[in-house]
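Enquirer: How does the following fold in three dimensions:
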Amino acid sequence: MRDMGGERVQEAVASCAALLRTVTDRDWGGPKAGRLEWSCHKTAFHIAEDLIAYAANLAGRARDAYVPFEITLDEGTGSEGLIHVIETTGALLTAAVRTAPREVRAFHPYPFRSANREGFAAMGVAEVLLHTHDIAEGLGVAYEPPAELPGFVLTTIFPHVRPGPDAWRTLLWATGRGDLPGRAPVTEWRWRNNLVLPTDRLTLQGVTPAAAADLSSGGDGGFTWVVGGPFEGTREAAGMMSKAYEEGVHRPEFGLFVLVRRQDGLAVGGIGFHGTPDEEGVAEVGYDLVEGVRGRGYASEALSALSEWALARDDVRLLFAAIHDDNVPSQRVVSRAGYVRTTVEEERAAREQHDMDASLRLYVRRGHATAA
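Expert: Predicted coordinates for the structure are as follows:
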């Protein structure tokens, strides 16, 4: 999966500039931009502010808060000059995305207080497309971005939004700018960068719908894998996640994570949930490692971290893993991660309720409130 973030930013900015240059003879200071309270001029300047802020925070590896600075326009700057500012700040974000290593994350408040280079690229593209739409609406002209850009935004930072047949109309609906048949109007919205959970030797990196689709179709998902990876189970899990996304039932924090080794940035396996917690707060976990890195404790380390994160939530009461009776290594993994074998009666009830294979054994880890 080739990283296209920089190219997407560049393309979005070019699309914005092309539209704005068709209306340089209009008054930008009076008309409001679409449904915003800002004027078209203020909205155009806001595009530039966002682009340079994202570039600075990514390039500066901001940790706990935005890099504190602001930009201003020289007195008398006209619409053509403002377009040039947008192009210049867009070039800065393009460069920052292209030069940032894949493992780098920088501060962004929503929802997990950081984003990687793909996240910053998608946020930049979203700001450009949506506010260009707002300006066009305010000035009474039509705007249609390049077809692949809305899909890039949706599959990177809107993983909770069920895709529709038209990605641009879906993005407009998801951000309160339009209607979609069969879907309620959106009055509040926020994009979602992927969740990353650190351990001593690994980072568990949440997989976006774009990466899941690539993994399930035989790609690398944008990760650099150790020899032999990704393993079959990771690809199957990616396919399950893609299906859930297409059906609109995917919740990003209960999807697939790729295990990336801190020492060299190589992906060594996958871990995640087989769907969201049920009404009783029960969720199933699964994991696998590339064969060449097994036996080093990576799976137990990852499972412990994921389990602790999940069980600290209010909507998760119990986690379980279903393991074949002859899979002794996997049984050791869950045991080291704090899971215990259920009773024979509980296993029998689960098999009857979920039509489980008779060779599967259930191991569970309970939250503090249910530990008894």
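Enquirer: can you give me the mean pLDDT across stretch 340-354?
Expert: In this model, stretch 340-354 has a mean pLDDT of 79.
Enquirer: before we move on, what about stretch 267-274?
Expert: 97.
Enquirer: List the buried residues for it?
Expert: A267, V268, G269, G270, I271, G272, F273, H274 (16 or more other CB atoms under 10 Å). C-beta: built from backbone N, CA, C; applies to glycine.
Enquirer: Now tell me what touches it from outside.
Expert: Among residues not part of stretch 267-274, those counted as contacts by CB atoms under 8 Å, 6 or more residues apart in numbering are 202, 204, 207, 220, 223-226, 229-231, 233-234, 237-238, 240-241, 254-261, 283-290, 293, 298-299, 302-303, 306, 310.
Enquirer: if we can go back for a sec, would a markdown table of the buried residues of stretch 267-274 with distance to L154 and secondary structure be doable?
Expert: Output for the buried residues of stretch 267-274, formatted as a markdown table (distance: CB to CB, whole Å; DSSP: H, G, I helix; E, B strand; the rest coil):
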| residue | distance to L154 | secondary structure |
| --- | --- | --- |
| A267 | 24 | strand |
| V268 | 29 | strand |
| G269 | 27 | strand |
| G270 | 23 | strand |
| I271 | 25 | strand |
| G272 | 21 | strand |
| F273 | 22 | strand |
| H274 | 24 | coil |
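Enquirer: Can you name the next helix or strand after the helix or strand where S330 lies?
Expert: In this assignment (DSSP states H and E), S330 forms part of helix 328-336. Downstream of helix 328-336, the first helix or strand assigned by DSSP H and E is strand 340-341.
Enquirer: Now the helix or strand that comes right after that next one - C-alpha only, CSV.
Expert: As assigned by DSSP H and E, the chain's next helix or strand after strand 340-341 is helix 344-354. Taking Å, rounded to 0.1, in the frame of the first residue of the first chain, the C-alpha atoms of helix 344-354 are listed here in CSV:
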residue,chain,number,x,y,z
VAL,A,344,-17.0,-26.8,31.7
GLU,A,345,-20.5,-25.6,32.3
GLU,A,346,-19.7,-22.1,30.9
GLU,A,347,-18.0,-23.7,27.8
ARG,A,348,-21.0,-25.9,27.2
ALA,A,349,-23.4,-23.0,27.4
ALA,A,350,-21.3,-20.9,25.1
ARG,A,351,-21.1,-23.7,22.5
GLU,A,352,-24.8,-24.1,22.6
GLN,A,353,-25.5,-20.4,22.3
HIS,A,354,-22.9,-19.6,19.6
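Enquirer: Just list what helix 344-354 packs against, helices and strands only.
Expert: Under the contact definition 3 or more CB pairs under 8 Å, 6 or more residues apart in numbering; DSSP states H and E, helix 344-354 sits against strand 360-366.
Enquirer: buried set for the strand it packs on?
Expert: Along strand 360-366, these residues count as buried under the neighbour rule (16+ other CB under 10 Å): L360, R361, L362, Y363, V364, R365, R366.
Enquirer: which residues does I86 contact?
Expert: Taking CB under 8 Å, 6+ apart as the contact definition, I86 lies against V13, C16, A17, L20, A44, I47, A48, L51, V128.
Enquirer: In terms of pLDDT, where does H368 sit?
Expert: At H368, the model reports a pLDDT of 69.
Enquirer: So of the buried residues of strand 360-366, which two are at opposite extremes in space?
Expert: Checked with CB to CB, these reach their widest spread between L360 and R366, with 19.1 Å between them.
Enquirer: Do you have the helices of the stretch 201-350 of the chain handy? List them.
Expert: With DSSP state H, counting those that start in this stretch, the ranges of helices along the stretch 201-350 of the chain come out as 209-216, 232-247, 298-311, 328-336, 344-354.
Enquirer: average model confidence for the second one?
Expert: Yep, that's helix 232-247 we're talking about. Helix 232-247 comes out with an average pLDDT of 96.
Enquirer: Quick one: residues in contact with it.
Expert: If you take CB under 8 Å, 6+ apart as the criterion, helix 232-247 is touched by 159, 162-163, 207, 209, 211-213, 215-216, 218, 221, 250, 255-256, 258, 269-270, 272, 274-275, 286-288.
Enquirer: ditto for the last one
Expert: For helix 344-354, contacts defined as CB under 8 Å, 6+ apart pick out T342, M356, D357, A358, L360, R361, L362.
Enquirer: Grab the nearest non-local neighbour of the fifth one.
Expert: In space, and not counting its chain neighbours, L360 is closest to A322: 4.5 Å by CB to CB, 6 or more residues apart in numbering.
Enquirer: Can you give me the neighbour number for that neighbour?
Expert: Other residues lying near A322 total 19 when counted by other CB atoms under 10 Å.
Enquirer: got a pLDDT number for P111?
Expert: Per-residue pLDDT puts P111 at 86.
Enquirer: and it, which of the three is it?
Expert: Applying DSSP: H, G, I helix; E, B strand; the rest coil to P111 yields a three-state assignment of coil.
Enquirer: Is it in contact with N193, as I believe?
Expert: Yes. Counting by CB atoms under 8 Å, a contact exists between P111 and N193, whose distance comes to 7.0 Å.
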